[in-house]
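>>> sequence first, then the predicted structure:
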Amino acid sequence: MRIGLGSDHNAFDMKESLKSYIQELGHEVVDYGCHSCSEVDYPEVAFEVGEGIIQNKLDRGILCCGTGIGVAIAAGKVPGIRAALCHDTYSAERAQKSNNAQVLTMGSKVIGIELAKQVVKTYLESHFSGGNSGRKVQQITDKEQEFLKGDGVHHEKTYK
């Protein structure tokens, strides 16, 4: 598989370790940055990985920041992307098997690298099972399309 990998500065070391590990597992890695420990905001990295999946340039994505929460939220803003925050192997398996999540997110300040590797391996070895889960994922996709067409309820707040 072709895996998009990205992080902010808080998770740079984790990303670098995961890059080598994912390659050892036999996958191709596309590194979306960041490329050092210098401070960087994660949204753009998450958007680029999500867009790469939607454009069929990537099969899946793995994103890391301090908690994994920010990159999950940001990646999930790309229409069609389902991002799952996972810090254990069971959640990583279910993210794919039950939810067809194209993006796995983790927090470098929450999970150690050895467990992160196990989570990544489980996620990459798991495949969507469809069935009852397929119906639920379709409901999510349908509602997203309603919102994109302007048919869904939408309340926008601006934060400064």
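That came in fine, so what should we check first?
>>> so for the top helix by length along the chain, what gets flagged as buried?
When the chain is parsed with DSSP state H, its longest helix is helix 131-149. For helix 131-149, burial by neighbour count (16 or more other C-beta atoms under 10 Å) applies to Val137, Glu144. In short, each C-beta sits where N, CA and C put it, glycine included.
>>> repeat that for stretch 114-134.
For stretch 114-134, by 16+ other C-beta under 10 Å, it's Ala116, Lys117, Val119, Val120, Lys121, Thr122, Tyr123, Leu124, Ser126, Phe128.
>>> make a markdown table from these and add distance to Gly6, pLDDT and secondary structure to it.
Shown next, in a markdown table, are the buried residues of stretch 114-134 (distance: C-beta to C-beta, whole Å; pLDDT from 0 to 100; DSSP: H, G, I helix; E, B strand; the rest coil):
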| residue | distance to Gly6 | pLDDT | secondary structure |
| --- | --- | --- | --- |
| Ala116 | 14 | 98 | helix |
| Lys117 | 17 | 98 | helix |
| Val119 | 16 | 98 | helix |
| Val120 | 13 | 98 | helix |
| Lys121 | 19 | 98 | helix |
| Thr122 | 20 | 98 | helix |
| Tyr123 | 15 | 98 | helix |
| Leu124 | 16 | 98 | helix |
| Ser126 | 21 | 97 | coil |
| Phe128 | 22 | 94 | coil |
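>>> redo these as TSV? Include distance to Lys143.
Formatted as TSV, the buried residues of stretch 114-134 follow (distance: C-beta to C-beta, whole Å):
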residue	distance to Lys143
Ala116	31
Lys117	34
Val119	28
Val120	29
Lys121	32
Thr122	28
Tyr123	25
Leu124	28
Ser126	24
Phe128	19
